[in-house]
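Visitor: Okay, predicted coordinates and the sequence, questions at the end:
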Amino acid sequence: MMTQYVYYILTVIGISWFITESSLATPFRMFVSKINNKKYLLIKWFVDKFDGVLNCVYCCSFWVGLVVYVLIYRDFSYYMVLNAFSVLGVIYIVKNIFDKH
């Protein structure tokens, strides 16, 4: 069970990093940010939130964590949310321990 949880954490962090930090996903992030700067009133709120998720590793890891939990554990319960938040905690701890000052 612990091995599966470590696999879950590393998978979520890897996907989240790819989406928010990698150069391969930069064109997509920039495209969404450009759309967000325009005045599409009907979808402005949704695009604004989606843009935030694509540019924040914490936000992205939460949403990716929900999907990965269902894929790995084949379960849909409140543990899904708790595990998604646990990945946020791991990323926060690692980023603060290995601060780049």
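Guide: Noted; the coordinates are in hand.
Visitor: Quick one: low-confidence residue ranges for this protein.
Guide: 39-42, 100-101 (pLDDT under 70).
Visitor: Now do the helices in it.
Guide: According to DSSP state H, the chain carries its helices in the segments 2-21, 26-37, 44-55, 57-73, 78-97.
Visitor: Who are the contact partners of residue 38?
Guide: By CB atoms under 8 Å, 6 or more residues apart in numbering, residue 38 lies in contact with nothing. For the C-beta atoms, the positions are set from N, CA and C on the backbone; glycine is no exception.
Visitor: now it: how far from residue 62?
Guide: To residue 62, residue 38 is 27 Å away according to CB to CB, to the nearest Å.
Visitor: what do you get for residue 27?
Guide: From residue 27 to residue 62 the distance is 24 Å (CB to CB).
Visitor: got it, and residue 49?
Guide: 12 Å.
Visitor: out of these two, which sits in the busier spot?
Guide: Ranked by neighbour count (other CB atoms under 10 Å), residue 49 and residue 62 place residue 62 first, with 19 against 12.
Visitor: Spatially central residue for the chain, please.
Guide: residue 60 (1.7 Å; CA atoms, centre = their mean).
Visitor: Once you drop chain neighbours, what's closest to that residue?
Guide: Leaving aside its sequence neighbours, residue 60 sits nearest to residue 16 (CB to CB, 6 or more residues apart in numbering; 4.4 Å).
Visitor: wouldn't that neighbour be in contact with residue 61 here?
Guide: Yes. Between residue 16 and residue 61 there is a contact at 4.0 Å, judged by CB atoms under 8 Å.
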